[in-house]
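>>> kindly return the folded structure for what I paste below:
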Amino acid sequence: MKDIAEIKLLMEQFFEGNTTLEEEKCLYDYFKQHQDLPEELEAYRELFLDLDAITLNEVQPTEFPEEEPAISLPSTELPANSTPPKHRRLWLKIASIAASIAIFLGSFGIYRTYENMKLQRIYGGSYMVVDGVRIDNLREILPQIKSALSLAEDIGSPSPTDLINQAEQDLLGTIQDAQERERIHQLLNQ
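So this is what the prediction gives:
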């Protein structure tokens, strides 16, 4: 039977990985047999009892030394509801594809909302009447709105020839002498 100082020293060696199987067995037995341990050792009781429970049974020598002894390992079964790894990878791929699609659709929806707000700010209140039916959908009537605005710009802006003629009339209109005005008009039209 070892005293507490020897057990503490043995524990230090154990945690450093410097113990033999017999010394480890001695530690396991000590924690199994002593119920009234000091507080600093009581914290390690469960650890050593658990380690003792999972140690392999000692192998009994057999009649045939050439044969390796059979070792019984604790069985590790998967829980009934767990998914095998290859299915888990498949589900992970499916989940990542679904997440990518969700992000794409969300981004598309946000972009459409932004475009609608932009159209509403620029062309809000615009509408068309086609065959007696009022159409307020800005996306639907946007090409007609742009066409009408382009046509209005073309009508409202004078051609370069019109600008030149207007400038000529403005210049000639400032000259009081009729003969001089006629001479300058002929000079400009040569």
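>>> where exactly do the strands run in the protein?
With DSSP state E applied, the chain shows strands at 128-130, 133-135, listed in chain order.
>>> show me what the first one is packed up against.
With contacts defined as 3 or more Cβ pairs under 8 Å, 6 or more residues apart in numbering; DSSP states H and E, strand 128-130 has these neighbours: strand 133-135. Using the backbone N, CA and C atoms, a C-beta is placed for each residue, glycine as well.
>>> try it again with 10 Å
Applying 3 or more Cβ pairs under 10 Å, 6 or more residues apart in numbering; DSSP states H and E, we find strand 128-130 packed against strand 133-135, helix 138-156.
>>> for S150, give its distance to Q144.
Applying Cβ to Cβ, to the nearest Å, the value for S150 to Q144 is 11 Å.
>>> how about D50?
80 Å.
>>> assess the claim that G124 and L138 are in contact.
Yes. Contact criterion Cβ atoms under 10 Å: G124 and L138 qualify, at 7.9 Å.
>>> which of these two has more residues huddled nearby?
Taking other Cβ atoms under 10 Å, G124 and L138 do not tie; L138 has more neighbours (19 against 9).
>>> pLDDT value on that one, please?
For L138, the pLDDT comes out at 82.
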